[in-house]
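A predicted structure for the sequence below; I have some questions about it.
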Amino acid sequence: MSPKVLVLLGSDSDLPRMQGLVSVLEELEVPYELALASAHRDPQRVAELAKGAAQRGVAVLIAAAGMAAHLAGAVAANTILPVIGVPLSGSALSGVDALYSTVQMPKGMPVATVGIDRGDNAAYLAAQIVALTDQSLAARIARARDLQREQLRQKDRRLQELGPAGYLEAGR
Ligand code: RP5
């Protein structure tokens, strides 16, 4: 199946921080493709992938990078599909460098930036965009939300039963 979400990653050293993203996309059964493409080391490939995405049926792109993270901006420069940026930690500046590099786009060239290392939220947001035209995906997202709510309510019942000290002692 052709991918609905195209995920570009600045380096293979970023892969360990992509586990949340991958598990959310797989859990929600969103067809995706993940590729290494650096804005600095291979800008031509980044441009090609971004330019060709719409024609391949991709609905949304995710770009994840650390340090001087220009990947999401470079992707946004080459497509009018929505682009989600994931700033990654791992640098001496703990990802704040990547956050600022990703989030401060000029007018007319938006990148929807999630929190540092929040690939999971990028995946949920991408899934929500794809779900605009996919009712069964929308139902899976709604079920995931129901599950979160139910888990929180269960935790609250336990908290009321054990009290704060007992709750922490028993382990979360
Ligand atoms: C960024 O530079 C990458 O996204 C990565 O976070 C960082 C370091 O890359 P490597 O030198 O480990 O390949 O472009």
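Perfect, I can see it now. Residues are numbered from 1 along each chain as shown.

contacts only, for Leu6.
Tyr32, Glu33, Ala35, Leu49, Ala53, Arg56, Val58, Val60, Leu61, Ile62 (Cβ atoms under 8 Å, 6 or more residues apart in numbering). No exception for glycine: its C-beta is placed from N, CA and C like everyone else's.

report the secondary structure state of it.
strand (DSSP: H, G, I helix; E, B strand; the rest coil).

kindly report the same for Glu33.
strand.

what's the domain layout of the protein?
5-133, 135-172 (automatic domain parsing).

chain center to the first one: distance?
Translated: domain 5-133. 7 Å (Cα atoms, centre = their mean, to the nearest Å).

now swap in the last one and tell me
Its chain's C-alpha centre and that of domain 135-172 lie 23 Å apart, by Cα atoms, centre = their mean.

Asn117 touches Ser89, doesn't it?
Check again: residue 117 is Asp, not Asn. Yes. The criterion here is Cβ atoms under 8 Å, and Asp117 meets it with Ser89 at 5.3 Å.

how about a markdown table for the domains of the chain, with distance to the ligand added?
Shown next, in a markdown table, are the domains of the chain (distance: least, Cβ to the nearest ligand atom, whole Å):
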| stretch | distance to the ligand |
| --- | --- |
| domain 5-133 | 2 |
| domain 135-172 | 28 |
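
could you say which of these is packed most deeply?
Of all the domains of the chain, domain 5-133 has the most neighbours on average by mean count of other Cβ atoms under 10 Å, namely a mean of 19.

I'd like the average pLDDT over it.
For domain 5-133, the mean pLDDT works out to 98.

quick one: end-to-end distance for that domain.
Start and end residues of domain 5-133 are separated by 13 Å (Cα to Cα, to the nearest Å).

helices and strands around the longest helix along the chain, which ones?
Counting by DSSP state H, the longest helix found in the chain is helix 135-170. Judged by 3 or more Cβ pairs under 8 Å, 6 or more residues apart in numbering; DSSP states H and E, the packing partners of helix 135-170 are helix 119-130.
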